[in-house]
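K.L.:
Got a sequence here, can you build the structure:
(one chain, ligands or ions: 1)
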Amino acid sequence: MEKKQLLLRALPSVDELLREEAILKLLSQSPRKLIVDAIRAVLDKKRKEILEGKSQEVQKVNILKAVISEVRHKGKNHLCRVINATGVVVHTNLGRSLLAKDAIAHLVEVAQYYNNLEYDLEKGRRGTRYSHVEELLCELTGAEAAMVVNNNAGAVFLVLNTLAYGKKVIISRGQLVEIGGSFRIPDVMARSGAILKEVGTTNRTHLYDYEDAIDEETAMLMKAHTSNYKIIGFVKEVSLKDLVSLGRKYNLIVYEDLGSGNFIDFTRYGLEKEPTVQEVIGSGLDVVSFSGDKLLGGPQAGIILGKREYVEKIKKNPINRALRIDKFTLAGLESTLKLYRDEELALREIPTLRFIFTPLDLLRRRAQRLCRGLKKQFTPEELIITIKTDVSKVGGGALPGLALPTYVVSIRPKRMSVVELERRVRFAEPPLIGRIEEEMLYLDVRTIQDEEVKLIPEIIKKVLRGDEKGN
Ligand SMILES: *Cc1c(COP(=O)(O)O)cnc(C)c1O
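P.N.:
Numbering: from 1, shown residues only. As a prediction, the model looks like this:
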């Protein structure tokens with residue numbers, strides 16, 4: 001008989017495997033269906049390999065190993081923690097902002113117990129979900145009214161749809177931003193039913209460009225924060241103050257999509273100028289929106305502030321229901337906002353701010369600690385380990401062009417390529433995400449939390465010495 005036929009015959013049956021000791025043990029821990037599916041998948045793969053001539057033997061132990069590994073893989077949460085060693089503080093792909101301890105405790109409470117999400121405890125009847133943060137937002141920013149939705153993209157859509165449907169919105173060409181993930185101002189505007197009227201040029205827009213474009217169809221003057229790029233050189237942008245004056249003169253709504261949105265004046269801590277939300281409100285504009293989870297450091301949310309008459313209209317837009325904020329977000333947001341009543345507390349407790357402002361000295365010590373931990377595990381014959389100075393980015397479409405001095409620990413294995421190391425640490429538990437530069441894996445300690453420092457040598461050890469995902 002042909003060799004392939006013999007191999008196929010040697011494959012154990014599903015029932016036979018289900019009677020194996022190792023599988024019986026697995027059955028006491030995992031759902032039967034998951035295990036049966038895993039067995040089928042492993043056998044199918046093996047069968048295919050045999051037919052293609054890629055497999056020359058059938059060993060039950062290896063099949064059992066593959067089944068166990070498959071079941072373990074399927075049993076793991078797909079959404080899971082990772083160690084962010086990229087140094088990018090607001091990393092859109094890695095979940096943006098981490099929450100402060102108070103915020104986490106608050107959302108756990110709300111998840112575990114019934115709550116007054118839409119119940120007015122004073123009046124004993126139905127209330128609104130915005131009430132939990134509206135006053136706080138007004139207190140912190142000086143705004144007349146506030147509301148919150150699912151995210152800032154939703155906020156931009158809702159503002160335009162409510163206040164400029166079928167009308168023209170004038171915006172500078174230099175501000176037609178794309179944030180990534182298909183959020184582009186012109187596209188959102190089109191979907192909202194507002195009509196885009198772009199004025200000026202990419203690098204220069206004057207007040208008269210806006211004024212010349214105003215007609216009876218115009219409803220709004222809009223400004224979008226260029227959160228993720230900078231135009232430098234021969235540039236001119238109209239200030240918000242001048243736009244507000246122009247809006248007054250022609251009775252037009254002035255709206256700014258502020259993108260990130262922050263309550264703290266970063267220049268006081270040595271960073272470049274980003275307008276604070278309070279300053280933007282102070283300019284007298286009508287509506288502003290920004291994200292909850294960028295520089296603000298809260299949960300994913302879109303915050304809308306402004307004049308009462310407009311905010312009330314936005315609240316009443318029926319589409320609002322489709323963009324509404326959930327109770328976990330509200331809990332996390334309320335607790336985060338409360339920390340801003342005391343700037344020092346906010347800087348200490350909100351991870352996004354803490355990471356941005358970590359003193360260089362502390363970063364150096366963290367890098368040294370990581371370096372020592374690695375040197376304990378590896379000889380220079382196994383792994384080359386170096387500490388270097390580098391720069392981290394804030395990320396998440398915030399503070400473009402800002403480079404924060406930092407320390408990285410760079411590693412290069414002697415008996416494995418850096419590309420392979422980078423791939424394997426991504427499969428570790430928890431996955432470790434760094435970046436390859438100059439044939440080394442760079443681990444920026446800015447975004448590595450203190451308690452994670454000791455996990456990294458363990459991860460690298462498993463990856464270099466064990467067979468973790470070495471397939
Ligand atoms: C980030 C950003 C958005 C989108 O905000 P999300 O909270 O991600 O939905 C919109 N506009 C600008 C200018 C941004 O920077």
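K.L.:
Can you list the low-confidence ranges for the stretch 1-150 of the chain?
P.N.:
Scanning the stretch 1-150 of the chain for pLDDT under 70 picks out 1.
K.L.:
Return the distance of residue 117 relative to the ligand.
P.N.:
Relative to the ligand, residue 117 is positioned 22 Å away (criterion: CB to the nearest ligand atom, to the nearest Å). Heads up, the C-betas are built off the backbone N, CA and C, glycines and all.
K.L.:
And that residue, its phi and psi?
P.N.:
Dihedral angles of residue 117 (phi, psi; degrees, to the nearest 10) stand at phi -40, psi -50.
K.L.:
Could you pull out the strands in the stretch 1-150 of the chain for me?
P.N.:
If DSSP state E, counting those that start in this stretch is used as the criterion, the strands of the stretch 1-150 of the chain fall at 83-84, 119-120, 125-126, 145-149.
K.L.:
scratch that, the stretch 151-300 of the chain
P.N.:
So, for the stretch 151-300 of the chain - with DSSP E, counting those that start in this stretch - the strands run 168-172, 178-180, 183-184, 195-199, 218-224, 253-259, 287-291.
K.L.:
same check, this time on the stretch 351-471 of the chain
P.N.:
Shown for the stretch 351-471 of the chain, the strands assigned by DSSP E, counting those that start in this stretch span residues 383-392, 404-413, 432-433, 435-437, 440-444.
K.L.:
residues in the stretch 101-250 of the chain within reach of the ligand, list them.
P.N.:
Within the stretch 101-250 of the chain, the positions adjacent to the ligand are 151-153, 156, 177, 179, 183, 224-225, 227 by CB under 6 Å from any ligand atom.
K.L.:
closest one to residue 414 among the strands of the stretch 151-300 of the chain?
P.N.:
Proximity to residue 414 (CB to CB) singles out strand 178-180 among these, at 37.5 Å.
K.L.:
buried set for the biggest helix by length in the chain?
P.N.:
Counting residues, the longest helix found in the chain (DSSP state H) is helix 32-51. With burial defined by 16 or more other CB atoms under 10 Å, the residues of helix 32-51 counted as buried are 35-36, 38-39, 42-43, 46, 50.
K.L.:
As TSV, the residues you listed with distance to the ligand would be great.
P.N.:
As requested, the buried residues of helix 32-51 are exported to TSV (distance: CB to the nearest ligand atom, whole Å):
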residue	distance to the ligand
35	40
36	42
38	38
39	43
42	41
43	44
46	45
50	49
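K.L.:
Now the two most distant members of the residues you listed.
P.N.:
Largest separation among the buried residues of helix 32-51 by CB to CB: 35 and 50, giving 22.5 Å.
K.L.:
which ones are touching the residue in the stretch 351-471 of the chain positioned nearest to the ligand?
P.N.:
As assessed by CB to the nearest ligand atom, the ligand sits closest to residue 397 within the stretch 351-471 of the chain, at 3.9 Å. Contact partners of residue 397, counting by CB atoms under 8 Å, 6 or more residues apart in numbering, are 90, 92, 179-180, 227-228, 259-260, 294.
K.L.:
ditto for residue 40
P.N.:
residue 14.
K.L.:
Restricted to helices, list the residues of the stretch 101-250 of the chain next to the ligand.
P.N.:
Cross-referencing those against helices under DSSP H gives 152-153, 156.
K.L.:
which of those lies closest to residue 447?
P.N.:
Nearest to residue 447 among those, with distances taken as CB to CB, is residue 152, at 22.4 Å.
K.L.:
What is the neighbour count of the closest one?
P.N.:
The tally of other residues near residue 152 (other CB atoms under 10 Å) stands at 28.
K.L.:
circling back to that earlier point, closest one to residue 138 among the strands of the stretch 151-300 of the chain?
P.N.:
strand 287-291 (12.7 Å).
K.L.:
Show me the beta-bridge partners of the most centrally placed residue in the chain.
P.N.:
Centroid-nearest residue in the chain, with CA atoms, centre = their mean: residue 96, separated by 2.6 Å. When bridges are called by DSSP bridges, residue 96 pairs up with residue 91.
K.L.:
correct me, but it touches residue 398?
P.N.:
No. At 9.8 Å, residue 96 does not count as touching residue 398 under the criterion of CB atoms under 8 Å.
K.L.:
Now the common contact residues for the two.
P.N.:
Common contacts of residue 96 and residue 398 (CB under 8 Å, 6+ apart): 90, 294.
K.L.:
how about residue 165, what does it touch?
P.N.:
Residue 165 is in contact with 192-194, counting by CB under 8 Å, 6+ apart.
K.L.:
Around the ligand, which positions in the stretch 251-400 of the chain sit nearby?
P.N.:
So far as CB under 6 Å from any ligand atom goes, the stretch 251-400 of the chain lies against the ligand at 257, 259-260, 291, 302, 397.
K.L.:
domain ranges for this structure?
P.N.:
Domain assignment for the chain by automatic domain parsing gives 2-75, 83-92+357-464, 99-349.
K.L.:
Can you report phi and psi for residue 53?
P.N.:
Reported as degrees, to the nearest 10, the phi and psi values for residue 53 are phi 80, psi 20.
K.L.:
How many neighbouring residues does it have?
P.N.:
Neighbours of residue 53 (other CB under 10 Å): 10.
K.L.:
Is it in contact with residue 4, as I believe?
P.N.:
Yes. Assessed by CB under 8 Å, residue 53 is found in contact with residue 4 at 7.4 Å.
K.L.:
Next, count neighbours for residue 274.
P.N.:
For residue 274, using other CB under 10 Å, the count is 22.
K.L.:
Show the contacting residues for residue 313.
P.N.:
By CB under 8 Å, 6+ apart, the residues touching residue 313 are 162-163.
K.L.:
Report the buried members of the contacts of residue 165.
P.N.:
Buried subset of the contacts of residue 165 (neighbour count, 16+ other CB under 10 Å): 192, 194.
K.L.:
ok, of the contacts of residue 165, which one's closest to the ligand?
P.N.:
Nearest to the ligand among these is residue 192, at 12.9 Å by CB to the nearest ligand atom.
K.L.:
from memory the closest one sits against residue 160, does it?
P.N.:
Yes. Assessed by CB under 8 Å, residue 192 is found in contact with residue 160 at 3.8 Å.
K.L.:
And residue 338, how close does it get to residue 80?
P.N.:
For residue 338, the distance to residue 80 equals 29 Å [CB to CB, to the nearest Å].
K.L.:
These two: which is more packed in?
P.N.:
Taking other CB under 10 Å, residue 338 and residue 80 do not tie; residue 338 has more neighbours (18 against 9).
K.L.:
Tell me the spacing between that one and residue 231.
P.N.:
From residue 338 to residue 231 the distance is 37 Å (CB to CB).
K.L.:
what is the residue in the stretch 251-400 of the chain that the ligand sits nearest to paired to in the beta sheet?
P.N.:
Relative to the ligand, the nearest point of the stretch 251-400 of the chain is residue 259 (2.7 Å; CB to the nearest ligand atom). When bridges are called by DSSP bridges, residue 259 pairs up with residue 290.
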